[in-house]
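Peer 1: coords please:
(one chain, ligands or ions: 1)
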Amino acid sequence: MKVDIIAGARPNFVKIAPIIRALNNLETSRDVSYRLVHTGQHYDREMSGIFFEQLEIPEPDINLAVGSGSQAEQTAEIMKGYEKVLNENSSSVCVVVGDVNSSMACAITARKCGVPVAHVEAGIRSGDWAMPEEINRVVTDSISNWFYTTSKYANENLIHAGIESDRIFFVGNTMIDTLKYSEGRFFAPKICDELGLQPKEYLVMTMHRPSNVDSCSKLQQLLTAITSTSGKMPIIFPVHPRTLQNLGSSLDALDSLHPVQPVSYLEFNYLVKNSLGVITDSGGITEETTVMGVPCITLRDSTERPETVEIGTNELIGTDPERVSDAVSRLVSGSWKTGDVPPMWDGKTSARIVESLIKVV
Ligand code: UD1
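Peer 2: Prediction:
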């Protein structure tokens, strides 16, 4: 079996690292080889290179180096590049993870070149069609052959979409494989020393959804709602390149907010683990906070990961300033709900995926 592993953007790197480790752990008698294809959707050192180093991901065998562009440009460039790769040297299965443009583009290309597709983190749905990721999820799932899921909700969504149950495998969460594998190596970023941060005496914030950060006034409104309630509590804010474009002068008046460059995986999760709570519009981070038992405010109206709310420490707050202020005040006062870890999020998901691929491909 020749496996293509596709990765393009930051969250992908966290999800593929343990799958590659599981493939490397197979005995040679299993006759399985793999090829790592980096599309180049994320290319900065802080968004890509440092993740490869810290997560022990080998150098990509192929880098399509597509870089930035509009949704259509990026998707088209990835499809053109990956089609060429498959035409020159095909594979037995294309494994895509998550919901970024790279995942959808390679899934479509593989199927059209006659290569079956396995989708890891299949079946999750926010119901929010304004998210590019929701379209990527639906398209990818509509053409995948095998579906590896993180929750019972994802299984239900796939069944509802007409997928036969024998193609759906509830295996758990590869992001949590990486979290558990890396936990012992988390380390403090330099901002901790610079500000003298003490455990549970600061918040962490991330924001990068187009709906929150592509409008300056919306971004300013959110930042004001948060900082006007959090008082003097420092908020560490690693800023995504997309958000930086609109941040500009909004920060001047907000003393407690500490914007920093995007931080590496091991530093980011150190920050999260030791924080009093997290404020985010990411989906993946809500899974990590759930497993680490850290309170989490989600600045969105919907989530494709309902288990982080129903079982975990996450609450969907939306972006209405009053609701955001109320949630921040509950977070800062330490009166947040506690949670549990969802089933199968046990650090062994990737091994289950690889064993299953050997059977089904
Ligand atoms: C992408 C994913 C999103 C994921 C996020 C994590 C899609 C549709 N979105 O969003 O699901 O949560 O990654 O980070 O695939 N840029 C840089 N350096 C880089 C990469 C990007 O400066 O290394 C800039 C680009 O020029 C662009 C902006 O960041 O202006 C957005 O990049 P893009 O890959 O289009 O989408 P993300 O917002 O990162």
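
Peer 1: low-confidence ranges, the stretch 1-150 of the chain, go.
Peer 2: Within the stretch 1-150 of the chain, no range satisfies pLDDT under 70.

Peer 1: what residues does it put near the ligand?
Peer 2: Remark: the part of the stretch 1-150 of the chain in contact with the ligand comprises 9-11, 41-44, 47-48, 68, 100-101, 132-133, using Cβ under 6 Å from any ligand atom. Bear in mind the C-beta positions are built from the backbone N, C-alpha and C, glycine included.

Peer 1: rebuild those as a markdown table, extending it with neighbour count and secondary structure.
Peer 2: Converted to a markdown table, these look like this (neighbours: other Cβ atoms under 10 Å; DSSP: H, G, I helix; E, B strand; the rest coil):
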| residue | neighbour count | secondary structure |
| --- | --- | --- |
| Ala9 | 20 | coil |
| Arg10 | 21 | helix |
| Pro11 | 23 | helix |
| Gln41 | 27 | coil |
| His42 | 24 | coil |
| Tyr43 | 17 | coil |
| Asp44 | 12 | coil |
| Met47 | 16 | helix |
| Ser48 | 21 | helix |
| Ser68 | 12 | coil |
| Val100 | 23 | coil |
| Asn101 | 24 | helix |
| Pro132 | 16 | helix |
| Glu133 | 20 | helix |
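
Peer 1: can you give me the strands for the stretch 101-250 of the chain?
Peer 2: Ranges of strands within the stretch 101-250 of the chain are 117-120, 146-149, 168-170, 203-206, 235-238, based on DSSP state E, counting those that start in this stretch.

Peer 1: quick one: strands adjacent to the third one?
Peer 2: Based on DSSP bridges, the strands next to strand 168-170 in the sheet, each with its direction, are strand 146-149 (parallel).

Peer 1: mean neighbour count added to the strands of the stretch 101-250 of the chain, as TSV?
Peer 2: Below are the strands of the stretch 101-250 of the chain laid out as TSV (neighbours: other Cβ atoms under 10 Å):
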stretch	mean neighbour count
strand 117-120	26
strand 146-149	26
strand 168-170	20
strand 203-206	24
strand 235-238	22
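
Peer 1: relative to Val37, which of these is closest?
Peer 2: strand 117-120 (13.2 Å; Cβ to Cβ).

Peer 1: who touches that closest one?
Peer 2: 15, 19, 93-98, 103, 107, 110-111, 140-141, 143-148, 174, 353, 357, 361 (Cβ atoms under 8 Å, 6 or more residues apart in numbering).

Peer 1: try stretch 176-185
Peer 2: With Cβ under 8 Å, 6+ apart as the criterion, stretch 176-185 contacts 14-15, 17-18, 21, 54-55, 265-266, 269, 273, 287-288, 291-292, 345-350.

Peer 1: drop anything exposed from those residues.
Peer 2: Neighbour-count burial (16 or more other Cβ atoms under 10 Å) is assigned, among those, to 14-15, 17-18, 21, 54-55, 265-266, 269, 273, 287-288, 291-292, 345, 347-350.

Peer 1: before we move on, the earlier item: now the buried members of the contacts of strand 117-120.
Peer 2: By neighbour count, with 16+ other Cβ under 10 Å, the contacts of strand 117-120 hold 15, 19, 93-98, 103, 107, 110-111, 140-141, 144-148, 174, 353, 357, 361 as buried.

Peer 1: and for the residue of the stretch 251-361 of the chain found nearest the ligand, the neighbour number?
Peer 2: Closest to the ligand within the stretch 251-361 of the chain is Ser282: 6.2 Å, counting by Cβ to the nearest ligand atom. Residues lying near Ser282 (other Cβ atoms under 10 Å) number 20.

Peer 1: what's the helix or strand for it?
Peer 2: Assignment of secondary structure by DSSP states H and E places Ser282 within no helix or strand.

Peer 1: ok, it - contacts?
Peer 2: Neighbouring residues of Ser282 by Cβ under 8 Å, 6+ apart: 206, 208.

Peer 1: do you know the pLDDT at it?
Peer 2: Per-residue pLDDT puts Ser282 at 97.

Peer 1: again with Ala253
Peer 2: pLDDT, Ala253: 61.

Peer 1: and the closest residue to Ala105 other than its chain neighbours, what does it touch?
Peer 2: Nearest residue to Ala105, sequence neighbours excluded (Cβ to Cβ, 6 or more residues apart in numbering): Ile78, at 3.8 Å. Neighbour list for Ile78: 8, 39, 41, 64, 66, 101-102, 105-106, 109 [criterion: Cβ under 8 Å, 6+ apart].
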